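[1] For reference, the sequence and a predicted model appear below.
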Amino acid sequence: MARKPFDIRSIDRRIIFTLIFVAVVWPLIQPMRLPIDVSPPVQTLYDAVEAVPAGSIVMLAGDYSPDTMPELQPMVDTFLRHAFERDLRVVVACLWPASPPLVETALGPLAEEYGKEYGTDFVNLGYMAGGIVTLLGMGASIPNTFPTDYGFGEEVPSRPVGEIPLMQEVQNFDDIAFVMEVSAGTPGAREWVQQVQGRYGITLGSGTTAVGAPNFYPYVQSGQLTGLLGGLKGAAEYETLIGHPGDATKGM
């Protein structure tokens, strides 16, 4: 008698769900360390940060919200780590109201790890409404556009930016050596490119969600963006370049 062909429907669905669960969770617990090839847009962004002289002031523009944290938070973590390793000073400015505390979750542990001091080595200016109007205002005067900072945890309350040593060296984009824009939508990377990059001649890199990245590769080809991190893969490539695998590498 001929044997009946195997029918996957005969397997208890609980067994299938258990196998899928293990397949998804196990690499997060024990990363497989599969090779990650670095794409040219990520390499050029890394090279641009490497080219910034030590002691210079760079800006992190955090424009995202909790729903995009799995893709974008690793980019924020890695850029800050890269900046602190190179002894760059960081100014954070946000166009999304949910962004300042999200960036702070990265700043806290990294500042402690690298011995950085708030107000001297980094500052979080927080959120300012206005979108394009805010960006143009920063081109004239960053202190006037962000008159007070966000503060840092419970220990450092918000205060006028004129009282912050780092901000006494910052007037406008002429004092910023590099801008890293981490964007989940609008306002975000497109507004920085169209309204700020050419007008003020800033060196601009960006990190976006995977679904949004194809919209910005033409800006990389034109030179308006020095580089681009596209989704979790781009973040993992950046982690590979700085030699510090993190959440993005685990996710990949």
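    Okay, I see it. Values in this document were obtained by computation on a predicted structure and should not be read as measured data.
[2] quick one, what contacts residue 107?
    80, 92, 122, 124, 152 (Cβ atoms under 8 Å, 6 or more residues apart in numbering). C-beta: built from backbone N, CA, C; applies to glycine.
[3] Give me the secondary structure label for the first one.
    Here residue 80 takes the helix state, with states given by DSSP: H, G, I helix; E, B strand; the rest coil.
[4] Surely it is in contact with residue 110?
    Yes. At 5.2 Å, residue 80 counts as touching residue 110 under the criterion of Cβ atoms under 8 Å.
[5] Serialize the contacts of residue 107 to a markdown table and add fields for neighbour count and pLDDT.
    As requested, these are exported to a markdown table (neighbours: other Cβ atoms under 10 Å; pLDDT from 0 to 100):
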| residue | neighbour count | pLDDT |
| --- | --- | --- |
| 80 | 25 | 98 |
| 92 | 24 | 98 |
| 122 | 25 | 98 |
| 124 | 26 | 98 |
| 152 | 19 | 95 |
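[6] which one of those is nearest residue 217?
    Distance to residue 217 across the contacts of residue 107 (Cβ to Cβ) is lowest for residue 80, with 24.5 Å.
[7] ok so, going back, strands - which of the contacts of residue 107 land there?
    In strands, judged by DSSP state E, the following of the contacts of residue 107 are found: 92, 122, 124.
[8] With just CA atoms, put the helix or strand where residue 60 lies into CSV.
    Residue 60 belongs to strand 57-63 when elements are defined using DSSP states H and E. Only the C-alpha atoms of strand 57-63 are listed here, as CSV (Å, rounded to 0.1, in the frame of the first residue of the first chain):
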residue,chain,number,x,y,z
ILE,A,57,30.1,70.8,18.3
VAL,A,58,27.6,68.5,16.5
MET,A,59,23.8,68.5,16.6
LEU,A,60,21.5,65.6,16.9
ALA,A,61,18.0,66.4,15.6
GLY,A,62,15.7,63.8,17.1
ASP,A,63,12.3,63.8,15.3
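[9] Paired strands for that strand, with orientation please.
    strand 89-94 (parallel), strand 178-183 (parallel) (DSSP bridges).
[10] Single out the most deeply packed of the ones you listed.
    Comparing the strands paired with strand 57-63 by mean neighbour count (mean count of other Cβ atoms under 10 Å), strand 178-183 comes out on top with a mean of 26.
[11] which phi and psi does residue 230 have?
    phi -100, psi 100 (degrees, to the nearest 10).
[12] Check residue 228 too.
    phi -150, psi 130.
[13] host element of the closest residue to it other than its chain neighbours?
    Counting by Cβ to Cβ, 6 or more residues apart in numbering, residue 228 lies nearest to residue 41, which is 4.2 Å off, once chain neighbours are set aside. Remark: residue 41 resides in helix 40-50, with elements defined by DSSP H and E.
[14] And for that helix, what's in contact with it?
    Contacts of helix 40-50 (Cβ under 8 Å, 6+ apart): 58, 79, 82-83, 86, 88, 178, 180, 203, 205, 217, 220, 225-230, 234, 237-238, 241-242.
[15] what about stretch 62-73, distance to the chain center?
    Centroid separation for stretch 62-73 versus its chain: 8 Å, with Cα atoms, centre = their mean, to the nearest Å.
[16] now do stretch 198-212
    11 Å.
[17] List the buried residues of it.
    200, 202, 203, 204, 205, 206, 207, 208, 209, 212 (16 or more other Cβ atoms under 10 Å).
[18] Now do it: distance from first to last residue.
    Counting by Cα to Cα, to the nearest Å, you get 21 Å between the two ends of stretch 198-212.
[19] now do stretch 122-140
    End residues of stretch 122-140 are separated by 21 Å (Cα to Cα).
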